[in-house]
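J.: kindly generate the corresponding structure for this input.
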Amino acid sequence: MNKILHPAATRGNANYGWLQAKYSFSFANYFDPNRIQFGQLRVLNDDIVAPAMGFGTHPHQNMEIVTIPQSGAVKHKDSMGNEGIVAAGDIQVMSAGSGVEHSEQNASTTEPLKLFQIWVFPDTENVEPRYDQKKIASLVKPNTISTVVKPKSVAKENDLWIHQQAYFNIGEFSENTTTTYSLNQADNGIYLLVINGTVIVNNETLSDRDAIGLWDTDNVDLSISEGTRLLLIEVPMN
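T.: Next comes the predicted model:
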């Protein structure tokens, strides 16, 4: 098993006034040649957006984009005709494919918006752009690691899916739990981010916003403390 440790304090940091961002991988003005991506995972941004502010209309192409608000709500609008609110407790998936433009604004004029923005390279380029969103509560079982986004090749009706052999998982634990995550594909690795709480994995103790990447393994054993929330992304490593 190979691993790379990304303590929370080592992430890139940016303060644009209206946006405070923590970057797990090189992005915008933050560049670290040793932290460009993890396999096909290219972006994991931890953003705080000021009230009534946000990202104006901008283009994307050939990227799978997953947005997970942590508090507050995103006002979304795109060139496919989708317009609405993505609130904390929701998860949004967008395939940029052959090209899409969208805007993301803080829907509140008084409260900050906190969210994860995650980009994964697709396994098929120039597909027709698409959009979907769901309530996380319907997808997550308590005290276990639940898959909330799957590859298109294995997704069933009503599943959230992307154009990549990647699996997005969320864990919400109300009690101390020991579990094993089994990878779906031999050439994949996992990138685990502790949203809050404590996780022990591969002899490393991770706390709030710490992350670890693991690959060249079939299974990963996790010891998870009560009150922990985690995000585990399984992605191809090449």
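
J.: for the residue most central in space within the chain, what are its contacts?
T.: Geometric centre of the chain, nearest residue: Ile118, 4.3 Å, by Cα atoms, centre = their mean. The contact partners of Ile118, taken as Cβ atoms under 8 Å, 6 or more residues apart in numbering, are 41, 43-45, 65-68, 168, 233. Any C-beta I mention is one placed from the backbone N, CA and C, and that applies to glycine too.

J.: can you check Gly213 too?
T.: Applying Cβ under 8 Å, 6+ apart, the residues near Gly213 are 3-4, 6, 38, 189-192.

J.: buried ones among those?
T.: The neighbour count (16 or more other Cβ atoms under 10 Å) marks 3, 6, 38, 189-192 as buried among the contacts of Gly213.

J.: would JSON lines of the residues you listed with pLDDT and secondary structure be doable?
T.: Below are these laid out as JSON lines (pLDDT from 0 to 100; DSSP: H, G, I helix; E, B strand; the rest coil):
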{"residue": "Lys3", "pLDDT": "97", "secondary structure": "strand"}
{"residue": "His6", "pLDDT": "98", "secondary structure": "strand"}
{"residue": "Phe38", "pLDDT": "98", "secondary structure": "strand"}
{"residue": "Gly189", "pLDDT": "98", "secondary structure": "strand"}
{"residue": "Ile190", "pLDDT": "98", "secondary structure": "strand"}
{"residue": "Tyr191", "pLDDT": "98", "secondary structure": "strand"}
{"residue": "Leu192", "pLDDT": "98", "secondary structure": "strand"}
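
J.: ok, those vs Asp32, which is closest?
T.: Sorting those by distance to Asp32 puts His6 at the head of the list, at 10.4 Å, by Cβ to Cβ.

J.: isn't the closest one right up against Asp210?
T.: Yes. If you go by Cβ atoms under 8 Å, His6 and Asp210 touch, sitting 7.1 Å apart.

J.: report pLDDT for Asn202.
T.: Note for Asn202: predicted pLDDT of 93.

J.: contacting residues around it?
T.: Residues in contact with Asn202, defined by Cβ under 8 Å, 6+ apart, are 1, 3, 212, 214, 220-221.
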